[in-house]
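Trainee: My questions are about this predicted structure, shown below with the sequence.
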Amino acid sequence: MNTTAIPARLGSSNRRQWLVGTALAAAAWPALAQTQQARANAGSGTLITRRIPSSGEALPVVGLGSWITFNVGNDLAARDACAEVVRAFFEAGGRVIDSSPMYGSSQPVIGHALAKLGHPAALFSAEKVWVGDAARGAAQMEASRTFWGVPRFDLMQVHNLLGWEAHLPRLFEMKARGQLRYVGITTSDGRRHAELERIMRTQRIDFVQLTHNLLDREAEQRLLPLAQERGIAVLANRPFREGALLDQLACHKLPGWAADIGCDNWAQVALKFIVSHPAVTCAIPATSQVAHLRQNMGAARGALPDAALRARMARDVAAL
């Protein structure tokens, strides 16, 4: 697990020790003290990264998904708003953007944003092939590449295991020819985990994408340990259950431990829980709002929960 430096304003003291040292002030103004300290923690420190096991390349632990949020059609104002989200993403140190042909107009909207921003060199492009007829896969991937306006994709994934037996050999060949850099496969909502496990055990894929969040934790039992064992990077989708998790948590006050890991909102709590698992390479929350994007990226800085706190976070949220 990567670690980050304690923010300079705290010196070399442990955050928990610092909080104890200021207990009187926090008792007098608990909400203010917690919010100010959490903002300082989230906004400072080194960007947290994880390495792709098959190559050693480092990626920030928070990326950007595009399901629903970037499906805005040809509305230029909405496309420009998405471009501002992408701009804020790169400004915050982000790299991984994930999409799929299944996501409506999300691909050309991403392409619009990238062109408007001059095609940032930091981009790590993660795309999917999503067609049952493998013979149509090449054309679909080329159409996706044209939408994005990139010379090649960094990662191509078989979406929801659709036709994976036929698609994977083609993807491995494309990787060998330098037409893409990494090969992956995806699922979501806990579906077809047994088949996914079989693929992870038998195929030399670089990435797997699956659902993992504070409430959906099935992947912790077999898939995440297997990813570590097999040297497979993990993208975690549906970190907020398409917003339903944050809606559920919104009426509850942040627990005291949230400040210990530099969180002043539930989105950061949810993301830090996910990316603190040592098998997870990057979580990919989707948003169409710059303010939410900045909150999300705050989870890529500051302290991460240890195993004991992760367990407590899961228990506390499940009890709400």
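Mentor: Structure received. Residues are numbered from 1 along each chain as shown.

Trainee: got the contact list for residue 282?
Mentor: Counting by C-beta atoms under 8 Å, 6 or more residues apart in numbering, residue 282 makes contact with 50, 59, 60, 61, 62, 63, 96, 233, 234, 235, 236, 275. Quick note: C-beta positions are derived from backbone N, CA and C, even for glycine.

Trainee: okay, those residues in CSV with neighbour count next?
Mentor: Output for the contacts of residue 282, formatted as CSV (neighbours: other C-beta atoms under 10 Å):
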residue, neighbour count
50, 20
59, 20
60, 23
61, 26
62, 30
63, 25
96, 24
233, 25
234, 26
235, 24
236, 26
275, 26
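
Trainee: Of those, which belong to helices?
Mentor: Residues of the contacts of residue 282 located in helices (DSSP state H): residue 275.

Trainee: Out of the contacts of residue 282, which sit inside strands?
Mentor: Mapping these onto strands (DSSP state E) picks out 50, 59, 60, 96, 233, 234, 235, 236.

Trainee: So which helix or strand of the protein has the lowest pLDDT on average?
Mentor: Ranking every helix and strand in the chain by mean pLDDT, DSSP states H and E puts helix 23-28 at the bottom, with a mean of 32.

Trainee: Going along the chain, name the helices of this structure.
Mentor: Using DSSP H, helices in the chain cover 15-21, 23-28, 30-43, 76-91, 106-116, 137-148, 164-176, 193-202, 223-230, 244-249, 257-260, 266-275, 290-298, 307-319.

Trainee: what residues are up against the residue lying closest to residue 102 once chain neighbours are set aside?
Mentor: Spatially, and ignoring its direct neighbours in sequence, residue 102 is nearest to residue 130 (5.0 Å; C-beta to C-beta, 6 or more residues apart in numbering). With contact taken as C-beta under 8 Å, 6+ apart, residue 130 is in contact with 100, 101, 102, 140, 159, 160, 162.

Trainee: middle-most residue in this protein, spatially?
Mentor: In the chain, the C-alpha nearest the mean C-alpha coordinate belongs to residue 283, at 1.8 Å (C-alpha atoms, centre = their mean).

Trainee: Distance-wise, check the closest residue to residue 104 other than its chain neighbours relative to residue 106.
Mentor: Of all residues not flanking residue 104 in the chain, residue 71 sits nearest, at 3.5 Å (C-beta to C-beta, 6+ apart). Between residue 71 and residue 106 the distance, using C-beta to C-beta, to the nearest Å, works out to 5 Å.

Trainee: who has more neighbours, the two?
Mentor: Neighbour totals were compared for residue 71 and residue 106, and residue 106 leads with 25 against 19 (other C-beta atoms under 10 Å).

Trainee: Just the pLDDT for that one.
Mentor: pLDDT for residue 106: 98.

Trainee: what sits against it?
Mentor: 66, 67, 69, 70, 71, 99, 100.

Trainee: Residue 138 too?
Mentor: Under the criterion of C-beta under 8 Å, 6+ apart, the neighbours of residue 138 are residue 170.

Trainee: farthest pair in the ones in strands among the contacts of residue 282?
Mentor: For the ones in strands among the contacts of residue 282, the maximum inter-member distance is 14.2 Å, found between 60 and 234 (C-beta to C-beta).

Trainee: Counting neighbours, what do you get for the closest residue to residue 112 other than its chain neighbours?
Mentor: Nearest non-adjacent residue to residue 112, counting by C-beta to C-beta, 6+ apart: residue 79, 4.9 Å away. A count of nearby residues for residue 79, using other C-beta under 10 Å, gives 20.

Trainee: Many thanks, we can stop here.
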